[in-house]
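1. Predicted coordinates and the sequence they were generated for:
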Amino acid sequence: MTVKVGVIGTGWIGAEHIRRITTSIGGAEVVAATDIDADRAARAVEGTGARVLADGTEVIAADDVDAVVVTSWGPAHAESVLAAIAEGKPVFCEKPLATTAEDAQRILDAEQRHGSRLVQVGFMRRFDAGYVQMKEVVSSGGIGAPLMAHCVHRNPTVPETYHSEMAAQDTAVHEIDVMRWLLDDEISAVQVITPRPTGNRFEHLRDPQFMLFEMAGGARVDLEVFVNCRYGYEIGCEVVGEEGTVRLPEIPGVVVRNSGHRSTPVPQDWTTRFAAAFDAEFEAWVREVAAGTPTTGPNAWDGYAATVVTDAAVRSLHSGGVVETGIKDRPAFYA
Ligand SMILES: NC(=O)c1ccc[n+]([C@@H]2O[C@H](COP(=O)([O-])OP(=O)(O)OC[C@H]3O[C@@H](n4cnc5c(N)ncnc54)[C@H](O)[C@@H]3O)[C@@H](O)[C@H]2O)c1
Ligand SMILES: O[C@H]1[C@H](O)[C@@H](O)[C@H](O)[C@@H](O)[C@H]1O
């Protein structure tokens, strides 16, 4: 079966995923797309045979759309995901699933009322070869009980529309998910600390930010979010256990020797750094949708759990204090 996909939001990553589905992976085709900028949608589907529809409601309701991809702005995600669930269609939603815990809770409630899992969240790092190897080491007891983790998340620059709360909601949300997954534990408290801001930022933005997370089991995680670091897109992660440590590998790249220097390139954005992970993520999603419903990828509970933490991080950004996430127990539906 070829899975027929409708895409809502055809900006940077929406267009990337349309290209990915059309040319990089098998088993799916894009048949419809929409964007509040209709010209952008038309450009994104050019040459694919897909049609442009007026809005997300039309895409979700279209008879020939088997499954929905949501790649609009974060605050618009929940509405589209809820509409897809109401239509009983599988939905892949880019992170974040929602920008408030209330919206994420509405999605959990709707999916449980529907009675089977329909939602996958775009936490593509779970499909990155380096993170997968780290997970195998931690889960097999290769470093003993995890005690601490050190993470770095750097972007060269961000647009003026990126605001201080997005450091948690849009950027740190990746580490929040990946640490829950690597350590197999929930995050119980968070604190955001703001060093002297870089001069290389738009005035309204607090950048960089340090985030400290406490896992329910007592392990601690520190994260540097620095989205105007200038030099490149860099992701670092090391987990320290009682018997050893495990760290993300360096990204392979040619070694250049010239002018008295030896150097290797640094990726400039997520498209190159995580290209293989995005392909693996979509291959798995399409395979599972074709077979029934998505069951093994990051689900609505993972989206909810991450949103509860980003909500707490936003409160801490404003207060400077330690904020409890207040995460509730995972429903059996998501066991
Ligand atoms: N997994 C990753 O690493 C990754 C990478 C980039 C972006 N993202 C996520 O993907 C989402 C989009 O990011 P982007 O960089 O492509 O942003 P973008 O601004 O380039 O694109 C978003 C698009 O959505 C459209 N849009 C907004 N609301 C809409 C609505 N209600 N209906 C239809 N279209 C709507 C906008 O017009 C825009 O074209 C964000 O949530 C972002 O966090 C994830
Ligand atoms: O939407 C993007 C994307 O998720 C990137 O992976 C992350 O590094 C950026 O900070 C974020 O703005």
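-> All right, it came through fine. Ligands and ions are numbered 1, 2, ... in the order given.

2. Residue of the stretch 201-335 of the chain nearest ligand 2, please.
-> Ligand 2 sits closest to residue 270 of the stretch 201-335 of the chain, with a gap of 3.8 Å, by C-beta to the nearest ligand atom. Every residue, glycine included, has its C-beta placed from N, CA and C.

3. Strands along the stretch 1-150 of the chain, start to end?
-> Using DSSP state E, counting those that start in this stretch, the strands found in the stretch 1-150 of the chain span residues 3-8, 28-34, 51-52, 67-70, 91-93, 119-121, 146-154.

4. related to what we said a few turns ago, mind pulling up the pLDDT for the residue of the stretch 201-335 of the chain closest to ligand 2?
-> We have a pLDDT of 97 for residue 270.

5. Next one: it from ligand 1, what distance?
-> Per C-beta to the nearest ligand atom, to the nearest Å, residue 270 is found 4 Å from ligand 1.

6. Leaving out the residues flanking it, which one is nearest to that residue?
-> Sequence neighbours aside, residue 233 is the residue nearest to residue 270 in space, at 6.3 Å (criterion: C-beta to C-beta, 6 or more residues apart in numbering).

7. so who does that neighbour touch?
-> Going by C-beta atoms under 8 Å, 6 or more residues apart in numbering, residue 233 touches 154, 155, 156, 266, 267, 268, 269, 270, 272, 273.

8. same thing with residue 301?
-> 108, 330, 331, 334.

9. Just the element for it, please.
-> helix 300-319 (DSSP states H and E).

10. next one: phi and psi at residue 264?
-> phi -130, psi 150 (degrees, to the nearest 10).

11. isn't residue 226 right next to residue 156, touching?
-> No - with contact defined as C-beta atoms under 8 Å, residue 226 does not reach residue 156; the gap is 9.9 Å.

12. what about whatever residue of the stretch 101-250 of the chain ends up closest to ligand 2, neighbour count?
-> Taking C-beta to the nearest ligand atom, ligand 2 has its nearest neighbour within the stretch 101-250 of the chain at residue 171, 3.5 Å off. Number of residues near residue 171 (other C-beta atoms under 10 Å) recorded here: 24.

13. is it true that it touches residue 227?
-> Yes - counting by C-beta under 8 Å, residue 227 is a contact partner of residue 171 at 6.1 Å.

14. which residues do the two both contact?
-> Both residue 171 and residue 227 are contacted by residue 155, under the criterion C-beta under 8 Å, 6+ apart.

15. so where do the strands sit in the stretch 151-300 of the chain?
-> 187-193, 209-215, 220-226, 234-241, 245-247, 256-258, 261-263.

16. contacting residues around the closest residue to ligand 2 within the stretch 1-150 of the chain?
-> Nearest to ligand 2, among the residues of the stretch 1-150 of the chain, is residue 95, at 6.3 Å (C-beta to the nearest ligand atom). For residue 95, the contact set (C-beta under 8 Å, 6+ apart) comprises 74, 121, 122, 123, 170, 173, 174, 177, 303, 306.

17. hmm, 6 Å instead?
-> Going by C-beta atoms under 6 Å, 6 or more residues apart in numbering, residue 95 touches 121, 122, 123, 173.

18. same check, this time on residue 82
-> With the criterion set at C-beta under 6 Å, 6+ apart, residue 82 makes contact with residue 110.
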